[in-house]
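# A predicted structure for the sequence below; I have some questions about it.
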Amino acid sequence: MGTSKRKLNKAIKEMLHDVPVEKINDKTPDVTKKILTLKRINSEFLEEPTLNKCIGIIFNQFDVLSTGGFNGVSKEEIKNDPITIEHFVNHILDLIDSEDNLFVNKALLERSFKITMTDCLKNEDLDLNSFIKKLLFNVIKQILIGELHDTLKEVYDELNYEDIGLMVNNVSNQIIDNETQRKIEQYIAKELEFKQVLKSVVEAAGNVSFGEF
């Protein structure tokens, strides 16, 4: 994994060599396509039946929270209680991981589940469509930031890490485009497999920009 990461970082630096920072958007699709390959994004997810089972556990626990609260804290109160939010989210992750050690090689997915659940709790907007969109967004963002956080800083000293975070955020939002959202809806309706959603993500990665920063 370390060797692959070094090779990828080297390839990105070569793409951006002699490209001034004000022209970086011209190279964004090349960079994102290099990182967000179908092989890479598939490797970060679980097989569809297992993924569906995980999402089912999450929604079941959110239902339990709605009716009985968690550790004496009601659904209405929990969004203002970060400690209980963390305990509740970790409780769900433990339930998911209790039998099969699903997250043993899926640290990025586990982190993305945690970020997504926390966001849904704070904003009280849990439904299947928004959950999958947020989960995809967070997985994409975690992949990109992992590859670009230090690489872009090495190439462009004038960028700070906040700039790079905004750039990655812009790209991640663009990738969840209309076509990807349509595929998510079809997946929820059981009209296509999840791998088709991921294929749409990869295709969208070739038509993005880092935006203004």
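Thanks, I have it. Just so we're clear, the structure is a prediction, and the values are computed from it rather than from any experiment. Residues are numbered from 1 along each chain as shown.

# all contacts plus neighbour counts: C-alpha atoms, from now on.
Noted.

# got a list of what residue 207 touches?
Counting by C-alpha atoms under 8 Å, 6 or more residues apart in numbering, residue 207 touches residue 29.

# so where does it fall, helix or strand?
Following DSSP states H and E, there is no helix or strand that holds residue 207.

# how close does it get to residue 12?
Taking C-alpha to C-alpha, to the nearest Å as the measure, residue 207 falls 17 Å from residue 12.

# ok, and the helix or strand in this protein with the lowest average confidence?
Ranking every helix and strand in the chain by mean pLDDT, DSSP states H and E puts helix 2-16 at the bottom, with a mean of 87.

# for that helix, packing partners?
On a contact count with 3 or more C-alpha pairs under 8 Å, 6 or more residues apart in numbering; DSSP states H and E, helix 2-16 meets helix 28-35, helix 128-155.

# will you turn those into CSV that also has mean pLDDT?
Below are these laid out as CSV (pLDDT from 0 to 100):
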stretch, mean pLDDT
helix 28-35, 95
helix 128-155, 95
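
# closest one to residue 122 among those helices?
helix 128-155 (13.0 Å; C-alpha to C-alpha).

# Output the contacting helices and strands for the next helix or strand after that closest one.
Downstream of helix 128-155, the next assigned helix or strand under DSSP H and E is helix 161-175. With contacts defined as 3+ C-alpha pairs under 8 Å, 6+ apart, the packing partners of helix 161-175 are helix 128-155, helix 194-204.

# Let's have the ones you listed in JSON lines, adding mean neighbour count and distance to residue 168.
As requested, these are exported to JSON lines (neighbours: other C-alpha atoms under 10 Å; distance: least, C-alpha to C-alpha, whole Å):
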{"stretch": "helix 128-155", "mean neighbour count": "19", "distance to residue 168": "6"}
{"stretch": "helix 194-204", "mean neighbour count": "20", "distance to residue 168": "14"}
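
# Columns distance to residue 63 on top of those, output as a markdown table?
Formatted as a markdown table, these follow (distance: least, C-alpha to C-alpha, whole Å):
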| stretch | distance to residue 63 |
| --- | --- |
| helix 128-155 | 13 |
| helix 194-204 | 24 |
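
# Let me know which of the ones you listed is the nearest to residue 30.
helix 194-204 (11.9 Å).

# Identify all contacting residues around the closest one.
With C-alpha under 8 Å, 6+ apart as the test, helix 194-204 has contacts from 33, 36-38, 41-42, 48, 174-177, 179-180, 183-184, 187.

# Swap in 6 Å and give it another go.
Applying C-alpha atoms under 6 Å, 6 or more residues apart in numbering, the external contacts of helix 194-204 come out as 36, 175, 180, 183.

# Which one of those residues is nearest to residue 128?
Closest to residue 128, out of all of the contacts of helix 194-204 and judged by C-alpha to C-alpha, is residue 183, at 13.3 Å.

# From residue 207, how far off is the closest one?
For residue 183, the distance to residue 207 - C-alpha to C-alpha - is 17 Å.

# ok, residue 18 - how many residues close by?
10 (other C-alpha atoms under 10 Å).

# And the pLDDT for residue 70?
If you check residue 70, the pLDDT there is 94.
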